[in-house]
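S.K.: predicted model and sequence below, questions to follow.
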Amino acid sequence: MQDNKISIIPKPVNLTFREGNFILTEQTTIESEKGLKDTAEYFKNLISTATGFNLAMSDLTSGLNKSNTISLELTEKLDNLGEEGYCLKINQNRIILTAHKSAGIFHGIQTIRQLLPIEVEKKAKLSSFEWVIPALEIEDYPRFSWRGFMLDEGRHFFGKNVVKHILDLMAYFKMNVFHWHLTEDQGWRIEIKKYPKLTEVGSKRKESQIGGFLSKNTDGTPHEGYYTQEEIKEIISYADKLFIKIVPEIDIPGHSMAALAAYPEFSCTGGPFEVSTTFSVKQDVFCVGKEATFKFLNNVLDEIVGLFPSDIIHIGGDEVPKKRWETCPDCQERIEKEGLKNEKGLQAYFTDRIMKSLSSHGRRIMGWNQILTESSNKEIIAQKWLFGKNLIKNHLTKGGNVVFSQFGYTYLDYSYALTSLSKTYWYEPIPKSLLKNYHINILGIEAPMWTEWVRNVKELDWQTFPRLIVFAESNWTPREQKNFKSFKNRLESILKRLDIIGVQYAHKKEYQPSIVKRIFGFFTIFREPKRSSLHSRWKAF
Ligand code: TNX
């Protein structure tokens, strides 16, 4: 597909060049059927700034001799391309974009966007520019249905403009799940009306550790921030227009110091606690012995369910130290009363109860792979990040779904020395020994962006791009078509677009470090990534 003229990421499944070009002009009409009006409007706005065109919009009409039109059409005939596939035909006279569902039309629009000259990204009108699109035919659909990105706003709060910036970029590369990690030891970032202290107390910390996980240094600067429920609704509707599902994460029963600082009565010891200022795993977690904890968490989750339309709610469940439960009379009583084997069993009991209350709202739970046990319910969606290989396989073979976020490959918080672009590219989620008929239970790859050492949009962009673009391709393009050389060529041209958009991505010598740097890459886990060139390159921002 790589041709001098065009560079599309993710690479489309089938592409055939035809003779000639379509030229977009002031007179081009966008015609679409009723159900696609919003998407048509999105397309019109997308190209209006740089072209200066205020394109005419009309209903879909039949007629063979139409010229200078872009038609957006839904058809049952394309159900073989799935919920998100599309078919794009471009000749000298017209562009015809068809799909089974509107998500497919939306993805097709992103392809048209990448087929237009890079100048289309400019934020000012270009006069007397020729908007040429090469004639071709594309038939395209994703490999995986879960093409995810996770943003940790617990460690650092970025705010809605940064989230929208990320959502726009996700949509550009046909990614469709935004996993929003909203609570952490270091901060609770979502307003819960019933428990105002969660944000009054839990969204603020005195200062932050700097330098890396082993460092004793702190910055002495308070950090705070949270989303009101109104802002959450605004972002959900923004994402919805980009065909991105938002999966919220309330990380429980561990990673909960911010909540416990606000409501220490739901811990084993009663506190007092403060919102964590360092980033290591904390020993205090929610007490699973007390009924009051479940009442509290169910009330919180009721508000979450009320806000987020997602059929999936992520409950974290990672890194839950069992130390407090071992000496807590309430937890021990629960273990005995429920006939549980040990504290591990207590976490399984916790997961099961939260699962039941969420399923009474018609929602599925998702959690990091530590929530899995041999007998986990297959309704759970597991997110694989570290260890648990056999439990994951067991889950897949009983029909459970898994999203892959293998640490060391998909973690965007790591240095490029540890996770270079090529290592990222060759990451393959399907376990080798998994029988083919279970592959369908793998939903896709998600790249998590943990933000202990990421404080602003510059650093966020640098860590995230271009690595996230790799996952866009791994999640979309068929495995047999993987080709790193072709990807790199296309990336060069795509990065020129990101320059125009103002994305502060890591440059080539950083994202593909020397062998020597990569050999020592492992040791960079413990310290903050050095981004010296970021600071010099982007001084202007
Ligand atoms: C592990 S991945 C964590 C996060 C950290 C991350 C740092 C996971 C479920 N837990 O809390 O931020 O490592 O790379």
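M.R.: Ah, there it is. Note that the structure is predicted; figures quoted are calculated from it, not measured.

S.K.: flag every residue of the stretch 401-541 of the chain that's near the ligand.
M.R.: With C-beta under 6 Å from any ligand atom as the criterion, the stretch 401-541 of the chain comes near the ligand at residues 411, 413, 450, 452. Any C-beta I mention is one placed from the backbone N, CA and C, and that applies to glycine too.

S.K.: typed the wrong thing, it's the chain
M.R.: 318-319, 368, 385, 411, 413, 450, 452.

S.K.: can you list the domains in the protein?
M.R.: 14-140, 146-538 (automatic domain parsing).

S.K.: most tightly packed of those domains?
M.R.: Among those, ranked by average contacts under mean count of other C-beta atoms under 10 Å, first place goes to domain 146-538 (a mean of 19).

S.K.: rewinding a little: could I get the residues of the chain next to the ligand in a markdown table, plus columns for pLDDT and secondary structure?
M.R.: Below are the residues of the chain next to the ligand laid out as a markdown table (pLDDT from 0 to 100; DSSP: H, G, I helix; E, B strand; the rest coil):
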| residue | pLDDT | secondary structure |
| --- | --- | --- |
| D318 | 96 | coil |
| E319 | 95 | coil |
| W368 | 98 | strand |
| W385 | 96 | coil |
| Y411 | 97 | coil |
| D413 | 95 | coil |
| W450 | 98 | coil |
| E452 | 97 | coil |
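
S.K.: rewinding a little: which of the domains of the chain sits closest to I8?
M.R.: domain 14-140 (4.9 Å; C-beta to C-beta).

S.K.: how far does that closest one sit from the chain's center?
M.R.: In this view, domain 14-140 has its centroid 26 Å away from the chain centroid, taken as C-alpha atoms, centre = their mean, to the nearest Å.

S.K.: quick one, what contacts C87?
M.R.: Residues near C87 by C-beta atoms under 8 Å, 6 or more residues apart in numbering: 78, 81, 97-99, 108, 137-140.

S.K.: and I109, by the same measure?
M.R.: Per C-beta under 8 Å, 6+ apart, neighbours of I109: 39, 42-43, 46, 97.

S.K.: please enumerate the helices of the stretch 51-200 of the chain.
M.R.: Ranges of helices in the stretch 51-200 of the chain, per DSSP state H, counting those that start in this stretch, are 102-115, 160-172, 197-200.

S.K.: just want the angle from the first one to helix 160-172.
M.R.: For the pair helix 102-115 and helix 160-172, the angle between their directions (axes from the mean of the first three to the mean of the last three C-alpha atoms, to 10 degrees) equals 90 degrees.

S.K.: what mean pLDDT would you report for helix 102-115?
M.R.: Here helix 102-115 scores 98 as its mean pLDDT.

S.K.: with just CA atoms, put it into CSV.
M.R.: Extracted C-alpha coordinates of helix 102-115, given in CSV (Å, rounded to 0.1, in the frame of the first residue of the first chain):
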residue,chain,number,x,y,z
SER,A,102,-21.9,4.5,10.9
ALA,A,103,-18.7,3.7,12.7
GLY,A,104,-17.4,2.3,9.4
ILE,A,105,-18.3,5.6,7.7
PHE,A,106,-16.4,7.4,10.4
HIS,A,107,-13.3,5.3,9.9
GLY,A,108,-13.5,5.7,6.2
ILE,A,109,-13.5,9.5,6.7
GLN,A,110,-10.2,9.2,8.6
THR,A,111,-8.9,7.4,5.6
ILE,A,112,-10.0,10.2,3.2
ARG,A,113,-8.4,12.6,5.6
GLN,A,114,-5.1,10.8,5.3
LEU,A,115,-5.4,10.6,1.5
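
S.K.: picking up where we left off before, pull the most distant pair out of the contacts of C87.
M.R.: A99 and E137 (14.3 Å).

S.K.: my read: E26 touches F53, true?
M.R.: Yes. With contact defined as C-beta atoms under 8 Å, E26 reaches F53; the gap is 5.1 Å.

S.K.: and the strands in the stretch 251-400 of the chain?
M.R.: In the stretch 251-400 of the chain, the segments counted as strands under DSSP state E, counting those that start in this stretch are 312-314, 364-368, 381-384.

S.K.: beta partners for the residue of the stretch 101-250 of the chain found nearest the ligand?
M.R.: Nearest residue of the stretch 101-250 of the chain to the ligand (C-beta to the nearest ligand atom) works out as D152 at 6.2 Å. Note on D152: beta-bridge partners by DSSP bridges are H181.

S.K.: who touches it in this structure?
M.R.: So D152 contacts 181, 184, 448-451 (C-beta under 8 Å, 6+ apart).

S.K.: quick one: low-confidence parts of the stretch 51-200 of the chain?
M.R.: The stretch 51-200 of the chain contains residues with pLDDT under 70 at 63-65.

S.K.: so who does the residue in the stretch 351-500 of the chain that the ligand sits nearest to touch?
M.R.: Nearest residue of the stretch 351-500 of the chain to the ligand: W450, at 3.4 Å (C-beta to the nearest ligand atom). Contact analysis of W450 by C-beta under 8 Å, 6+ apart lists 152, 155, 411-413.

S.K.: just want the most central residue of the protein.
M.R.: By C-alpha atoms, centre = their mean, the mean C-alpha position of the chain lies nearest to F149, the distance being 1.7 Å.

S.K.: OK, contacts around that residue?
M.R.: 166, 170, 175, 177-179, 446-449, 464, 468, 471.

S.K.: same question for N91.
M.R.: By C-beta under 8 Å, 6+ apart, N91 lies in contact with 18, 20, 22, 135.

S.K.: then L460?
M.R.: By C-beta under 8 Å, 6+ apart, the neighbours of L460 are 158, 162, 166, 449, 451, 454.

S.K.: quick one: contacts for the nearest residue to the third one once chain neighbours are set aside?
M.R.: Spelled out, it's I166. Nearest residue to I166 in three dimensions, chain neighbours excluded: L151, at 6.5 Å (C-beta to C-beta, 6 or more residues apart in numbering). L151 sits next to 158, 163, 166, 178-181, 449, 451 when contact means C-beta under 8 Å, 6+ apart.

S.K.: swap the cut-off to 7 Å and go again
M.R.: Counting by C-beta atoms under 7 Å, 6 or more residues apart in numbering, L151 makes contact with 166, 180-181, 449.

S.K.: any stretches of this protein with poor pLDDT?
M.R.: For the chain, the stretches with pLDDT under 70 are 1-4, 63-65, 532-533, 535-541.

S.K.: and with 80 instead?
M.R.: 1-5, 62-65, 532-541 (pLDDT under 80).

S.K.: excluding its backbone neighbours, what's nearest the single nearest residue of the stretch 201-350 of the chain relative to the ligand?
M.R.: Nearest residue of the stretch 201-350 of the chain to the ligand (C-beta to the nearest ligand atom) works out as D318 at 3.3 Å. Closest residue to D318 apart from its sequence neighbours, by C-beta to C-beta, 6+ apart: W368 at 3.7 Å.

S.K.: including distance to E338, could the contacts of D152 go into a markdown table?
M.R.: Converted to a markdown table, those look like this (distance: C-beta to C-beta, whole Å):
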| residue | distance to E338 |
| --- | --- |
| H181 | 30 |
| E184 | 29 |
| P448 | 33 |
| M449 | 37 |
| W450 | 34 |
| T451 | 37 |
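
S.K.: N342: which of those residues is nearest?
M.R.: Ranked by distance to N342 (C-beta to C-beta), the contacts of D152 are led by E184 at 26.6 Å.
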